[in-house]
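Enquirer: coords below, sequence missing:
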């Protein structure tokens, strides 16, 4: 088509942002239930005393018991100490 003069080909540089931030909705932490709040406060106190040390905590409970929300809120606390919140875990015997 180019040889026939039907189209003209041009090189154009297009800069793209790999992540579009336009449609991101902010979310806010949920209010924890009393049992969740107890777990949160206990672990946060350990993080506060230890200065965000590399302690490991295991949240254990039935499906839909709210572990993930507790984890997310504790992760936010760990990030304040410039610590990681994810680790590799192995199955205990």
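Expert: Yep, that arrived. Everything numeric in this text was worked out from a predicted model, so none of it was measured.

Enquirer: what about the one helix or strand residue 44 maps to, average pLDDT?
Expert: If you go by DSSP states H and E, residue 44 is part of helix 34-49. Helix 34-49 carries an average pLDDT of 88.

Enquirer: likewise stretch 77-91?
Expert: 66.

Enquirer: could you say what helices and strands the next helix or strand after the helix holding residue 44 packs with?
Expert: Proceeding C-terminally, helix 34-49 gives way to helix 67-80 as the next helix or strand, assigned by DSSP H and E. Judged by 3 or more C-beta pairs under 8 Å, 6 or more residues apart in numbering; DSSP states H and E, the packing partners of helix 67-80 are helix 34-49. In short, each C-beta sits where N, CA and C put it, glycine included.

Enquirer: what comes up buried for the helix it packs on?
Expert: 36, 39-40, 43, 47 (16 or more other C-beta atoms under 10 Å).

Enquirer: Rebuild those as JSON lines, extending it with distance to residue 69.
Expert: Converted to JSON lines, the buried residues of helix 34-49 look like this (distance: C-beta to C-beta, whole Å):
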{"residue": "36", "distance to residue 69": "7"}
{"residue": "39", "distance to residue 69": "10"}
{"residue": "40", "distance to residue 69": "9"}
{"residue": "43", "distance to residue 69": "13"}
{"residue": "47", "distance to residue 69": "17"}
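
Enquirer: and the two most separated of these?
Expert: 36 and 47 (16.1 Å; C-beta to C-beta).

Enquirer: How about the spatially most central residue of the chain: what's its closest non-neighbour residue?
Expert: Central residue of the chain (C-alpha atoms, centre = their mean): residue 72, 7.0 Å from the mean position. Distances taken as C-beta to C-beta, 6 or more residues apart in numbering place residue 29 nearest to residue 72, at 7.1 Å, with adjacent residues excluded.
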